[in-house]
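S.K.: Can you look at this prediction? I've put the sequence above it.
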Amino acid sequence: MSKILIIQDSPEPQPSKATSLIPSGRYEVKTITKEQTFLVKFCKSDLIILDSSLNGDKVFICRRLRKEGVGQPVLAILEKQDLREKAEIINLGPDQDDEKDIHPEEFRAHIDSRLRRP
């Protein structure tokens, strides 16, 4: 079973956008907060998802992950209207960026596509 690590803003009582798009039982999902990103290198994940709740922190977190040599593919769920953030994060090299209102089936297809890559 593939392991997905979701980084979100804070522990929330409601599921994050990323969590709500991932079908239960299909993947092993772990969620951490932005303050816990130092744990990424200890989490054995196949894919990292930056949740839309991170707002402007996605750029900082993606930059930090790349600087620390994290090699897992990264999907970023971006706000549709924030073109500056979108341009910055694309330049940092996430493997995919998707808009917040993406259809769940399309999002799962992106996940599966990233997980199939060597």
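M.R.: Noted; the coordinates are in hand.

S.K.: Give me the residue at the spatial middle of the chain.
M.R.: A centroid search over the chain (Cα atoms, centre = their mean) returns Ile49, at 1.2 Å, as the residue closest to the centre.

S.K.: Show the contacting residues for that one.
M.R.: Residues in contact with Ile49 (Cβ atoms under 8 Å, 6 or more residues apart in numbering) are Ile4, Leu5, Ile6, Ile7, Ala18, Val74, Leu75, Ala76, Ile77, Ile111. From N, CA and C alone the C-beta is placed, and that goes for glycine too.

S.K.: what residues are up against Ile22?
M.R.: Residues in contact with Ile22 (Cβ under 8 Å, 6+ apart) are Ile4, Val29, Phe107, Arg108, Ile111.

S.K.: For Glu88, see how far away it is.
M.R.: 25 Å (Cβ to Cβ, to the nearest Å).

S.K.: picking up where we left off before, just the ones of the contacts of Ile49 in helices?
M.R.: Cross-referencing the contacts of Ile49 against helices under DSSP state H gives Ala18, Ile111.

S.K.: Considering the contacts of Ile49, which is situated nearest to Lys44?
M.R.: Nearest to Lys44 among these, counting by Cβ to Cβ, is Leu5 at 9.0 Å.
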